Every structure is written in structure tokens, then in C-alpha cells.
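In: here is my input; please provide its structure:
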Amino acid sequence: MKALKIGELATRSGLTVRALHHYDSIGLLTPSARADSGYRLYSRDDVARLHQIQALRKFGMSLADIGTFLASPDAPFADIVAQQIDALDRQIAQATALREQLTQLQRQMSGGDEPALEDWLSTLEHMHLYEQYFSQDELRRLPFWQQDARRNQAWGALVNAVRDLMARGVAADDPQAGVLAQRWMQMLEQDTGGNPEFAWRMTAMLEQEASAQRLTRITPELKQYVGEAFGASRLALYAKYLSEAELHYMRTHSGKHFREWMELIVTVHKHMASGVAASAPSSHALACEWMRLFRLRVGDDPATLDKIRLAHEREPALLQGTWVSAAMLDYIRTAAAPITTAGQQTDQIRRGR
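Out: Next comes the predicted model:
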């Protein structure tokens with residue numbers, strides 16, 4: 001093969017003369033010789049190197065990375081291929097996420113007129129906000145992300161109803177507020193797929209992101225009102241089983257360890273999802289913490305504890321909207337069995353039995 005001038009190489013390789021000049025200037029492809037007239041001359045080896053450069057460029061490598069790679073002839077080419085597969089996987093994931101976002105916008109438009117610019121911007125801002133707290137895989141698995149017009153309308157109507165009660169000065173312990181709070185918590189539990197960790201992240205998002213409060217219209221005051229109303233509605237159910245003194249104790253202590261409770265529920269849920277047996281030492285430790293918080297909330301009187309258990313058996317609404325399922329309670333009871341047995345023996349000793 002005769003040496004090629006730069007114009008010939010540009011024509012046959014599909015590159016521009018300017019690109020070949022640039023490759024030369026950065027030391028990526030320097031011609032092996034020059035003609036007496038000063039023209040660059042490219043040998044067979046130079047052409048072979050150019051083929052390598054073009055192949056690596058198709059993999060998406062930068063010119064700097066190509067230079068480093070070609071400077072190390074022992075570098076495994078398979079590693080480069082693996083890196084490019086990873087890059088393609090990321091691009092596919094991004095394209096999939098974009099497609100889902102566009103599909104959601106399409107669903108929003110299918111119910112009526114084309115949304116205004118502000119609606120588009122709000123939707124995109126909403127998406128970006130959630131993506132800071134949830135991975136794409138998590139978002140695909142969660143009902144709240146697959147939003148449709150009816151779900152949005154339901155949440156909007158519920159927020160408006162709660163805001164109306166607050167504006168009219170209706171107390172959080174009023175039955176009207178309790179009904180809305182129960183509906184609120186049940187919808188939230190459904191929209192997070194019954195996963196307390198996702199609910200906890202959404203709580204953090206609402207607390208930390210001003211844009212989240214603006215987009216959802218869920219202010220800290222509204223969130224507190226719903227929480228108080230939900231607590232009051234649950235106390236109303238417990239009132240069927242507890243004395244006034246017992247209710248007063250629960251009313252005084254129920255909200256004091258909210259974060260500890262949520263963190264514990266999240267941990268227990270993860271434990272169960274991972275398949276850790278209730279008999280495992282780690283499960284036993286969780287049961288100990290559960291019982292500690294439970295007694296801080298309701299007291300140590302065994303009679304009260306029996307009443308609480310009876311209430312849970314007869315009032316399924318007590319668990320709705322709490323991310324605590326009957327299966328979780330069974331798991332804790334099994335894990336706590338050694339503690340319960342020891343406690344019963346201690347109680348019998350104290351009573352002289």
C-alpha cells in the first residue's frame with residue numbers, strides 16, 4: 001500500500017481534513033512521514049490505527065480516553081466493550097424513564113384539552129422532585145407514580161376538603177376531620193404500595209422541599225392537622241375498649257415517639273421482605289424495641305395490653321393507613337415469644353404463683 005496524502009485518507013475514511021489535522025495536533029494520529037513538499041503521508045500502520053480510533057469512537061469513547069487506551073497495547077479490549085454495554089444500559093434506562101414521563105403527560109392530555117405551559121412545567125418539576133428521592137426502578141413499582149387523571153383529582157379534592165375544614169376552624173378531633181384523615185392515610189398507604197420506607201421518604205420530601213409543598217399544596221400545617229385528626233380517629237376506636245384514664249395516657253404519649261415508630265416499622269418491613277425468620281436474633285431485637293415503644297405508648301398494665309390486643313382483633317380500621325399489617329404483627333408476636341414467656345413467668349413470681 002502506498003502512503004496516502006491527508007486529502008486521500010479523509011475521502012476514503014469519511015472524515016474531514018480538519019478532523020485529521022486535529023488528531024495530529026493532539027497526538028492521537030500522527031502521520032509516519034511527510035513528502036518533500038510538506039504534505040502529511042499516512043502509512044498502512046497509520047491507517048490501521050485510524051480504524052481503531054473510529055471503532056472506539058463508535059463505542060462512545062472520548063478522544064482523550066482513546067489516546068490513553070491505544071497508548072497501552074496490553075489493555076483488554078473486553079473491558080472497553082463491557083464499559084460501553086454499561087453506558088448503553090444507562091441510556092436505555094434514561095430513555096425508558098423519559099418514555100414513561102411522556103406517557104404520563106399523554107394520559108393527562110387524553111382526558112380533555114391540551115394542558116397549558118404551566119401545567120407542563122409543573123408536571124416536569126414534579127417528576128424531577130420525585131426522582132431525587134426514588135430510583136427509577138422504585139418509581140416503576142409504585143402506584144403513586146403511575147398517576148392518572150382520577151387519582152390526581154381524588155388527591156386534589158381531598159386536599160381541598162381538608163383545607164376547607166381548617167379554614168372554617170373545625171378542630172382536628174372533630175369526626176369530620178377524622179373521616180378525611182382516615183381516607184388520606186389509606187390513599188397514601190395504597191399509593192406507596194404498602195411500603196413504609198417509601199412513605200417515610202415522601203414525608204421527608206414534604207418536610208425538606210419547598211417545591212413539594214407548593215406543587216402538592218400540602219403545607220406543614222395541613223400535614224400536622226391530618227396527623228392529629230388521624231390520631232384522634234384512632235383514639236375514638238380505642239375508646240370502645242379502654243377506660244378514660246387509659247385513653248388519657250394514650251392521648252398524652254401517642255405522638256412522642258412517632259419518628260422512632262416509623263423507623264422501626266421500616267426496619268421490620270425490610271426484615272420481612274428479606275426473608276429473615278422471626279426466630280432470628282435480629283428479629284428478636286426488633287421485637288424488644290417494638291415492645292419498648294408499645295409500652296411507652298400504652299403503659300405497662302397487663303389488663304390494658306389485653307384490651308389493646310382485643311381492639312386490634314375487632315377493629316381492622318386501626319391498622320389501615322399505618323403500614324402495619326396483620327402479618328407484621330404476627331411476625332413481631334412470634335419474634336417476641338421468648339420475651340413474652342419470660343415476662344409471664346416474672347409476673348407469676350411477683351404474684352406468688
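
In: ok, residue 17 to residue 6 distance?
Out: Going from residue 17 to residue 6 by Cβ to Cβ, to the nearest Å gives 6 Å. Backbone N, C-alpha and C define where each C-beta goes, glycine included.

In: of the two, who's got more company?
Out: A direct count of neighbours by other Cβ atoms under 10 Å for residue 17 and residue 6 places residue 6 higher, at 17 against 14.

In: show me where the chain has its strands.
Out: With strands called from DSSP state E, the chain shows them at 4-5, 33-34, 40-42.

In: pick the most deeply packed of those.
Out: strand 40-42 (a mean of 21; mean count of other Cβ atoms under 10 Å).

In: got a list of contacts for that one?
Out: 3-6, 9, 20, 24, 31-35, 50 (Cβ atoms under 8 Å, 6 or more residues apart in numbering).

In: if we go to 7 Å?
Out: The contact list for strand 40-42, computed with Cβ atoms under 7 Å, 6 or more residues apart in numbering, reads 3-6, 9, 31-35.

In: run the chain-centre distance for it.
Out: Mean-position distance between strand 40-42 and its chain equals 57 Å (Cα atoms, centre = their mean, to the nearest Å).

In: for that strand, give the mean pLDDT please.
Out: Per-residue pLDDT over strand 40-42 has a mean of 85.

In: do the same with stretch 333-349
Out: On average, stretch 333-349 scores 57.

In: okay, now residue 226: neighbour count?
Out: What residue 226 shows, counting by other Cβ under 10 Å, is a neighbour count of 25.

In: for residue 165, see how far away it is.
Out: From residue 226 to residue 165 the distance is 10 Å (Cβ to Cβ).

In: same check on residue 157?
Out: For residue 157, the distance to residue 165 - Cβ to Cβ - is 13 Å.

In: which of these two has more neighbours?
Out: In this view residue 157 and residue 165 are compared by other Cβ under 10 Å, and residue 165 has more residues nearby, 20 against 10.

In: how about the contacts made by the more buried one?
Out: Per Cβ under 7 Å, 6+ apart, neighbours of residue 165: 176-177, 180.

In: closest one of these to residue 305?
Out: Closest approach to residue 305 among the contacts of residue 165 (Cβ to Cβ): residue 177, at 28.9 Å.

In: not counting its neighbours along the chain, what's nearest that closest one?
Out: residue 229 (3.8 Å; Cβ to Cβ, 6 or more residues apart in numbering).

In: likewise for residue 264?
Out: Using Cβ to Cβ, 6+ apart, the closest residue to residue 264 is residue 289 (5.8 Å).

In: burial count for the one you found?
Out: Residues near residue 289, counting by other Cβ under 10 Å: 16.

In: please apply the same query to the one 5 residues further on.
Out: Per other Cβ under 10 Å, the neighbour tally for residue 294 reads 16.

In: same thing with residue 163?
Out: Residue 163: 16 neighbours (other Cβ under 10 Å).

In: pLDDT wise, what is it at?
Out: On the pLDDT scale, residue 163 gets 95.

In: okay, the closest residue to it other than its chain neighbours and residue 169: tell me how far apart.
Out: Distances taken as Cβ to Cβ, 6+ apart place residue 222 nearest to residue 163, at 6.6 Å, with adjacent residues excluded. Relative to residue 169, residue 222 is positioned 14 Å away (criterion: Cβ to Cβ).

In: show me what contacts residue 30?
Out: Residue 30 neighbours (Cβ under 7 Å, 6+ apart): residue 24.

In: try it again at 10 Å.
Out: Neighbouring residues of residue 30 by Cβ atoms under 10 Å, 6 or more residues apart in numbering: 23-24, 40, 42, 46, 49.

In: what's the answer for residue 5, then?
Out: So residue 5 contacts 11, 17, 31, 35, 37, 39-42 (Cβ under 10 Å, 6+ apart).

In: for it, list each beta-bridge partner.
Out: When assigned by DSSP bridges, residue 5 has beta-bridge partners residue 41.

In: what's the spacing between it and residue 18?
Out: 15 Å.

In: again, but for residue 201
Out: In terms of Cβ to Cβ, residue 201 sits 51 Å off from residue 18.

In: settle it for me: which of these two has more neighbours?
Out: Ranked by neighbour count (other Cβ under 10 Å), residue 201 and residue 18 place residue 201 first, with 18 against 9.

In: could you tell me the per-residue confidence at the more buried one?
Out: For residue 201, the predicted pLDDT is 87.

In: then the one 3 residues further on?
Out: According to the prediction, residue 204 has pLDDT 85.

In: that one touches residue 133, doesn't it?
Out: Yes. Residue 204 lies in contact with residue 133 (Cβ atoms under 10 Å); the separation is 7.2 Å.

In: any idea how far residue 139 is from residue 215?
Out: 16 Å.

In: typed the wrong thing, it's residue 151
Out: The gap separating residue 151 from residue 139 is 15 Å, by Cβ to Cβ.

In: quick one: which of these two has more around it?
Out: Between residue 151 and residue 139, counting by other Cβ under 10 Å, residue 139 is the more crowded of the two (19 against 15).

In: that one against residue 129, yeah?
Out: No. Counting by Cβ under 10 Å, residue 139 sits too far from residue 129 to count as a contact (11.6 Å).

In: where does the stretch 1-150 of the chain dip in pLDDT?
Out: 1, 73-81, 83-84, 87-102, 104-128, 144-150 (pLDDT under 70).
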